[in-house]
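**Q** no sequence for this one, just the structure:
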């Protein structure tokens with residue numbers, strides 16, 4: 001961030017004459033000197049206030065950026081944890097379904113075997129051709 005250089009009021013050297021009256025060239029020199037000195041002081045105060053405000057705003061921006069990064073990090077962590085939980089839940093559900101289907105297949109195989117055990121296949125006698 002660039003700041004524009006502040007033009008300070010040039011203060012003339014302090015008058016060496018002694019002011020005896022409120023009029024005259026010596027009074028004008030002192031009046032001009034005092035006004036320039038006050039303007040320089042006012043400029044310095046304004047510059048100091050601006051610098052303090054800029055520092056305060058920079059600090060606020062930095063703290064806001066840190067807070068945003070922390071929130072983003074926490075959000076990303078929550079997303080990763082949710083994905084892991086969903087993955088784990090899916091694996092457990094898939095394993096349960098797999099075990100259930102396997103048991104069902106074995107039960108069907110045993111049932112078919114039991115049903116087919118009582119059946120016997122008998123060969124029909126073949127009719128012999130009249131070769132005799």
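**A** Received it, and whenever you're ready, just let me know what you need. Just so it is clear, the structure is predicted and the values come from calculations on it, not from any experiment.

**Q** And for residue 17, the neighbour number?
**A** Residues contacting residue 17 under the criterion other Cβ atoms under 10 Å number 11. Where C-beta positions appear, they are placed from N, C-alpha and C, glycine not excepted.

**Q** no wait, residue 37
**A** Residue 37 has 14 nearby residues by other Cβ under 10 Å.

**Q** So which elements touch the helix or strand encompassing it?
**A** Assigned by DSSP states H and E, residue 37 falls within helix 25-117. Of the remaining helices and strands, none touches helix 25-117 by 3 or more Cβ pairs under 8 Å, 6 or more residues apart in numbering; DSSP states H and E.

**Q** Which pLDDT value does the model give residue 109?
**A** What the model reports as pLDDT for residue 109 is 94.

**Q** now do residue 30
**A** 89.

**Q** Nearest spatial neighbour of it, chain-adjacent residues omitted?
**A** In this structure, residue 30 finds its nearest non-sequential neighbour in residue 19, 5.0 Å apart by Cβ to Cβ, 6 or more residues apart in numbering.
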